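Peer 1: only geometry, no sequence info:
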């Protein structure tokens with residue numbers, strides 16, 4: 001079973017998603033796991049054919065080795081920061097973990113839940129921005145939605161760095 005574990009981490013390259021990624025790497029990821037980063041973009045700007053396919057299925061899996069490639073960055077509109085890449089390269093090397101990125105387009109509430117089923121994920125780690133009560137009511141917390149609607153175990157990592 002260990003070789004089949006797919007640990008998902010919702011990432012948007014913000015401080016709170018980096019906190020969730022760090023937590024996942026330190027507490028959840030084991031040797032031989034697949035670490036799958038799930039990123040949701042609001043909208044795409046791609047060739048019609050590819051975009052129509054990706055809107056329903058998400059992007060193809062993008063391996064860690066391609067995440068620094070400027071062509072990939074341009075094609076998908078995603079640019080992982082140096083700190084995130086460092087965390088990923090370290091865990092891939094130290095724990096022999098396969099790291100993949102999958103990008104979805106649309107509403108994060110829905111797409112993260114879809115990713116859990118479609119990939120499928122064994123578990124998901126997601127950061128919590130710590131929105132105030134009013135913002136949470138107006139915007140709806142993505143992490144709360146995923147906890148309540150996701151079909152796998154979900155761990156919410158609180159970001160204690162309020163300076164960001």
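Peer 2: Everything's here; your move. These numbers were taken from a predicted model, which means no experiment stands behind them.

Peer 1: quick one: residues contacting the closest residue to residue 150 other than its chain neighbours.
Peer 2: The spatial neighbour of residue 150 that comes closest, neighbours along the chain excluded (Cβ to Cβ, 6 or more residues apart in numbering), is residue 116 at 5.0 Å. All C-beta atoms are positioned from the backbone trio N, CA, C, and that covers glycine. Neighbouring residues of residue 116 by Cβ atoms under 8 Å, 6 or more residues apart in numbering: 8, 124, 146, 150, 151, 152.

Peer 1: quick one: which of those residues sit in helices?
Peer 2: Taking DSSP state H, the ones among those that sit in helices are residue 146.

Peer 1: buried only: go through the contacts of residue 116 for me.
Peer 2: Among the contacts of residue 116, those classed as buried by 16 or more other Cβ atoms under 10 Å are 8, 124, 146, 150, 152.

Peer 1: any chance of these in CSV, plus distance to residue 55 and pLDDT?
Peer 2: Compiled in CSV, the buried ones among the contacts of residue 116 are given as follows (distance: Cβ to Cβ, whole Å; pLDDT from 0 to 100):
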residue, distance to residue 55, pLDDT
8, 20, 98
124, 21, 97
146, 20, 94
150, 21, 94
152, 23, 97
